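Trainee: Give the three-dimensional model of this entry:
(4 chains)
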There are 2 protein chains.
Amino acid sequence: MSYTSIPKPTESELEILHILWEHGPSSVRFVNERLNEEREVGYTTTLKLMQIMADKGLAVRNTDNRTHIYEAAVSEADTQKRLLQKFVSTAFRGSAMKLVMQALGNHEASPEELDEIKALIEKMESDDDK
Amino acid sequence: MSYTSIPKPTESELEILHILWEHGPSSVRFVNERLNEEREVGYTTTLKLMQIMADKGLAVRNTDNRTHIYEAAVSEADTQKRLLQKFVSTAFRGSAMKLVMQALGNHEASPEELDEIKALIEKMESDDDK
DNA sequence: TTGCTTTTACGAAGAGCTTCGTATATAATT
DNA sequence: AATTATATACGAAGCTCTTCGTAAAAGCAA
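Mentor: Modelled structure (predicted):
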């Protein structure tokens, strides 16, 4: 099968992407070991997922060596942006503000983090004035 | 089938919940008509989904009359909170702040909304002082 | 009453995701 | 060379979600 555009990663694929983003190009064995630190996953399960990810264009693999090496083909920021857009539209009917309010209200944010967010907002507002 | 705890709604179920939240108790026909304002959906498809939602505990139905009336059994705020928690953990590895920054950075919020968020932050900060 | 309409009930197909068993190939070990 | 270990390839089963066809029940209209 082939894809005209890169589809959005599933939950399992996202788990693997996080490992690839954090550690860079990795073998199936390495990824499977990282996954097994969280929960039990069979080696061939991880292999299959990574093959599918390569097929989907979410990862590229280098087959020069016997042990194939996979690398993320999508960036963390872009992927999170895409997922967020989808999530905001489905769960919050497009209201990013509602989401932000929920996130701020539910999770304990440190004073430093709150200041960071405030600074970002002020920066955006001053940019808009221009 | 029965459930020990109420599962999180799927995308289609969420669409229906939004209609029930907005319009209150509704018949299958009414919900189906609202859905068809967005995209084509068969009547029995909507019916089946709503029956499943009642089974899952996401909705309750009143069968007194021939035309059953369904009502949301979960609140909008609680549901969004649950979905958000799940989303933050999978897509942002638990960093709610990263998510907030992304959401704000993507220009998905209007200037008025930004002011509201700033007000919320200031309120939270003053609460912390106490 | 005899059909027409609306409604619910049931079941099953099709798609996508996850999981893993089995086969096969290749390398390393003895 | 024979055995063992490690890799990839393939296919299929099980699950959930979505979709809808068909049947049965219940009210309405002629």
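Trainee: For whichever strand or helix holds A:K123, which outside residues touch it?
Mentor: Secondary structure from DSSP states H and E places A:K123 in helix A:111-129. For helix A:111-129, the external contacting residues (CB atoms under 8 Å, 6 or more residues apart in numbering or on different chains) are A:104, A:109, B:97, B:100-101, B:104-105, B:111, B:114, B:117-118, B:121-122, B:124-125, B:128. Heads up, the C-betas are built off the backbone N, CA and C, glycines and all.
Trainee: Give the partner strands of the helix or strand containing A:R61 in its sheet and their orientations.
Mentor: Element membership for A:R61, per DSSP H and E: strand A:59-62. Paired strands of strand A:59-62, with direction, are strand A:69-72 (antiparallel) (DSSP bridges).
Trainee: and stretch A:5-14, which residues are buried?
Mentor: A:P9, A:S12, A:E13, A:L14 (16 or more other CB atoms under 10 Å in any protein chain shown).
Trainee: tell me the two of those residues that are most distant?
Mentor: Pairwise distances across those (CB to CB) peak at 8.4 Å, for the pair A:P9 and A:S12.
Trainee: and the helix holding A:K123, how far out from the chain's middle?
Mentor: 25 Å (CA atoms, centre = their mean, to the nearest Å).
Trainee: Buried residues, it. List them.
Mentor: Buried residues in helix A:111-129, counting neighbours by 16+ other CB under 10 Å, are found at A:E113, A:L114, A:I117, A:I121.
Trainee: List, out of those residues, those positioned next to DNA strand C.
Mentor: Under the cut-off given by CB under 7 Å from any atom of the strand, DNA strand C has nothing from the buried residues of helix A:111-129 close to it.
Trainee: Just list the residues touching A:M97, thanks.
Mentor: B:A109, B:S110, B:E113, B:E116, B:I117.
Trainee: State the helix or strand in which it lies.
Mentor: helix A:96-106.
Trainee: Would you indicate which residues of that helix are buried?
Mentor: A:A96, A:M97, A:K98, A:L99, A:V100, A:M101, A:Q102, A:A103, A:L104.
Trainee: and that helix, what's its mean pLDDT?
Mentor: On average, the pLDDT along helix A:96-106 is 84.
Trainee: Please apply the same query to stretch A:45-52.
Mentor: Averaging pLDDT along stretch A:45-52 yields 98.
Trainee: which residues touch it?
Mentor: Outside stretch A:45-52, the residues within contact range by CB under 8 Å, 6+ apart are A:S12, A:E13, A:I16, A:V28, A:V31, A:N32, A:L35, A:A59, A:R61, A:Y70.
Trainee: And stretch A:79-96, by the same measure?
Mentor: Stretch A:79-96 has contacts (CB under 8 Å, 6+ apart) with A:8-9, A:14, A:17, A:98-99, A:102, B:11, B:14-15, B:18, B:80, B:83-84, B:87, B:91-92, B:98-99, B:102-104, B:106, B:108-109, B:113.
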